[in-house]
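> Let me see the structure of the following:
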Amino acid sequence: MEAASSAGDTRFLSGLLLHPKLYQVEVKDGKIASIVKEEEKLWNSKLGQVIDYGDAVVMPGLIDVHAHLDDPGRSEWEGFPSGTKAAAAGGITTLVDMPLNSFPSTVSRETLKLKIKAAENRIYVDVGFWGGLVPENAFNPSALEDLLNAGVLGLKAVYLIIAFGLAIRGAESFMCPSGINDFPMTNTSHIKEGLSVLAKYRRPLLVHAEIQKDLESPLGHEHGANDPRSYSTYLKSRPPSMEETAIRELLTVTKDTRIGGPADGAHLHIVHLSDSSSSLDLIKEAKHNSDSVTVETCPHYLAFSAEEIQDGDTRFKCAPPIRDAANKEKLWEAVMEGHIDMLSSDHSPTEPKLKLLEEGNFLKAWGGISSLQFVLPVTWSYGQKYGVTLEQLALWWSERPARLAGQELKGSIAVGNFADIVVWEPEVEFNLNEEYPVHIKHPSISAYMGRKLNGRVSATFVRGNLVYKDGNHAPAACGVPILAT
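From the prediction side, this is the model:
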């Protein structure tokens, strides 16, 4: 493909702009200059090149607010180049990188600088950064303010407590709740302190919510009843009550975020919700009470169910876990009715050896679903059963994520916004196999490989630059780091 366009170019994108009418989008200096209907006959304009996409859908680029790119320090897991190439190939124009799984974790101004340096000139889409709320900085307002002043878009905490010996024997990964030693878990006091600081900046706190409190007997392996190769064994170790307990405790402090409250201006965002029952009911009640709360779920919870996961197929291990088919149906219902605000990938890759694909031990394998390139076609393909519309896709994947991340000039195709655009063909079917161009670093660990999907991405523009077209990327990595000001 040609090199990425310069910011001074003017171009027109013609195609279906969400609605079934032909539009042209004029792009100038990296932003959207105008949007016109076909009948206004702008075809003869001599102001610039016309790119005719015919019946393809022209949509705002996706914004993924929850991705682990593992750079710097663990780029052998993913890294900025492969991760952002995969994002561009999937129609994602903006990522917000999580502060953990890289090394060091992003918990200070100094570690944020390392993250930015690693991203510069190596990213194919725009990338922002969440900072980490951890015990070492939670009670130090000046340290948190320093991190926020350095440009993180908000903070992320792991509110995950699993008491030793309460889960299944051999579940070594449970002993370090986040899986990363330099990103320890927080408690309610840490969350409360973090929200009080974030209120001044009007930025969100994202929380992984799971707690196991009740003393239970550990599950044994007698007679293979709790075989670690069986997905049901792993599922028993992380029941829905873990999410419910954590969310119930978190919501004791979100009343502070109400208008006029001590943390007015702060916002709590619950990541990767899996439980569609009691946990979701608690969130709905908090919203009804005017707490500043939102929640996301992920495509893998909407695409897969526990019943279909084969013994030993650790590609499907994640936390919270993929639950049963009835739970999946209720999640779809909540998404369609607006009780779940947005979707994110929670792209959480690793090296294949850590997934233990041959051993198939769900209790020891690294948890995480590799999905970054596939979220648009997955949401569309599995959503057809429920009547998903293009407008809903744009709401879940662009508009609301932009609002959460504080990106006022992203998330919609509107005059004055950045020209972050995906062009895709909803009717085109393809198989995710060895012949399909996959750009994540380790395709073999993705649970989506082998699936048949609809919705091929044709082109992706970031700030008006064509960064991906028909399987190829621009030779120059022209994405920029996004910093809050």
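
> what about residue 32, which helix or strand?
Secondary structure from DSSP states H and E places residue 32 in strand 31-37.

> Tell me how confident the model is about that strand, as a mean pLDDT.
For strand 31-37, mean pLDDT rounds to 91.

> Give the other helices and strands that it contacts.
Applying 3 or more CB pairs under 8 Å, 6 or more residues apart in numbering; DSSP states H and E, we find strand 31-37 packed against strand 22-28. No exception for glycine: its C-beta is placed from N, CA and C like everyone else's.

> Compute the inter-axis angle for the strand it packs on and strand 31-37.
Taking axes from the mean of the first three to the mean of the last three CA atoms, to 10 degrees, strand 22-28 and strand 31-37 form an angle of 160 degrees between their directions.

> can you give me the offset of strand 22-28 from its chain's centre?
28 Å (CA atoms, centre = their mean, to the nearest Å).

> which neighbours does it have in its sheet, and in what orientation?
Strand pairing for strand 22-28, using DSSP bridges, gives strand 10-16 (antiparallel), strand 31-37 (antiparallel).

> Tell me which of those strands sits most buried.
Ranked by mean neighbour count under mean count of other CB atoms under 10 Å, those are led by strand 10-16, which reaches a mean of 21.

> Next, the buried residues of the following helix or strand past the strand holding residue 32.
Downstream of strand 31-37, the first helix or strand assigned by DSSP H and E is strand 49-60. Across strand 49-60, burial judged by 16 or more other CB atoms under 10 Å covers 51, 53, 56, 57, 58, 59, 60.

> Which two among those are spaced furthest apart?
51 and 60 (16.9 Å; CB to CB).

> Do I have it right that residue 146 meets residue 110?
No - in this structure residue 146 lies outside contact range of residue 110 using CB atoms under 8 Å: 9.5 Å.

> Counting neighbours, go ahead and name the busier of the two.
Between residue 146 and residue 110, counted using other CB atoms under 10 Å, the more crowded position is residue 146 (16 against 12).

> returning to what we had before: export the strands paired with strand 22-28 to JSON lines and tack on distance to residue 385?
Formatted as JSON lines, those follow (distance: least, CB to CB, whole Å):
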{"stretch": "strand 10-16", "distance to residue 385": "22"}
{"stretch": "strand 31-37", "distance to residue 385": "32"}
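
> related to what we said a few turns ago, extract the C-alpha trace of the strand holding residue 32 and format it as CSV.
Provided in CSV are the C-alpha atoms of strand 31-37 (Å, rounded to 0.1, in the frame of the first residue of the first chain):
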residue,chain,number,x,y,z
LYS,A,31,-9.7,16.1,10.9
ILE,A,32,-13.1,15.8,9.5
ALA,A,33,-13.9,19.0,7.5
SER,A,34,-17.3,18.2,6.2
ILE,A,35,-19.9,15.4,5.7
VAL,A,36,-22.2,15.6,2.7
LYS,A,37,-24.8,13.4,1.1
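
> ranges for the strands of the stretch 51-200 of the chain?
62-67, 92-97, 126-129, 131-132, 155-162 (DSSP state E, counting those that start in this stretch).

> Serialize those strands to a markdown table and add fields for mean neighbour count and mean pLDDT.
Listed next are the strands of the stretch 51-200 of the chain as a markdown table, based on neighbours: other CB atoms under 10 Å; pLDDT from 0 to 100:
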| stretch | mean neighbour count | mean pLDDT |
| --- | --- | --- |
| strand 62-67 | 28 | 98 |
| strand 92-97 | 30 | 98 |
| strand 126-129 | 26 | 98 |
| strand 131-132 | 28 | 98 |
| strand 155-162 | 24 | 86 |
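
> now those strands as CSV including distance to residue 241?
Formatted as CSV, the strands of the stretch 51-200 of the chain follow (distance: least, CB to CB, whole Å):
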stretch, distance to residue 241
strand 62-67, 23
strand 92-97, 30
strand 126-129, 33
strand 131-132, 27
strand 155-162, 12
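
> Any idea which of those gets closest to residue 390?
In terms of CB to CB, the element of the strands of the stretch 51-200 of the chain nearest to residue 390 is strand 62-67, at 12.5 Å.

> how far does that closest one sit from the chain's center?
The chain centre lies 4 Å from the centre of strand 62-67; the measure is CA atoms, centre = their mean.

> contacts for it?
83, 87, 90-98, 206, 271-272, 296, 298, 342, 344-347, 372, 375-376, 397-398, 401-402, 404-405, 407, 410-411, 422 (CB atoms under 8 Å, 6 or more residues apart in numbering).

> So, low pLDDT: which residues of the stretch 51-200 of the chain?
162-180 (pLDDT under 70).

> let's go with 90 and repeat that
54, 160-182 (pLDDT under 90).

> next one: the stretch 301-450 of the chain
In the stretch 301-450 of the chain, residues with pLDDT under 90: 434-435.

> Strands of that one, start to end?
Using DSSP E, counting those that start in this stretch, strands in the stretch 301-450 of the chain cover 342-343, 421-431.

> Return the most buried member of those.
Buried most deeply of those, by mean count of other CB under 10 Å, is strand 342-343, with a mean of 26.

> partners of that strand, with directions?
strand 293-297 (parallel).

> Relative to residue 432, which of the strands paired with strand 22-28 is closest?
Comparison of those against residue 432 by CB to CB identifies strand 10-16 as nearest, at 24.8 Å.

> tell me the mean pLDDT for the closest one?
80.

> Please save the CA atoms from that strand in CSV.
The C-alpha trace of strand 10-16 is given here as CSV (Å, rounded to 0.1, in the frame of the first residue of the first chain):
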residue,chain,number,x,y,z
THR,A,10,-7.4,16.5,1.6
ARG,A,11,-9.3,13.4,0.7
PHE,A,12,-12.9,12.2,0.5
LEU,A,13,-14.1,8.9,1.8
SER,A,14,-17.4,7.8,0.2
GLY,A,15,-19.5,5.0,1.4
LEU,A,16,-22.4,4.2,3.8
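
> Report the inter-axis angle for that strand versus strand 421-431.
Using the same axes, to 10 degrees: strand 10-16 against strand 421-431 is 50 degrees.

> quick one: buried residues of stretch 185-202?
For stretch 185-202, a neighbour-count test (16+ other CB under 10 Å) marks 185-186, 190-199, 201 as buried.

> Of those residues, which belong to helices?
190, 191, 192, 193, 194, 195, 196, 197, 198, 199, 201 (DSSP state H).

> possible to save the buried residues of strand 49-60 as a markdown table with distance to residue 476?
Shown next, in a markdown table, are these (distance: CB to CB, whole Å):
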| residue | distance to residue 476 |
| --- | --- |
| 51 | 19 |
| 53 | 23 |
| 56 | 25 |
| 57 | 27 |
| 58 | 24 |
| 59 | 24 |
| 60 | 23 |
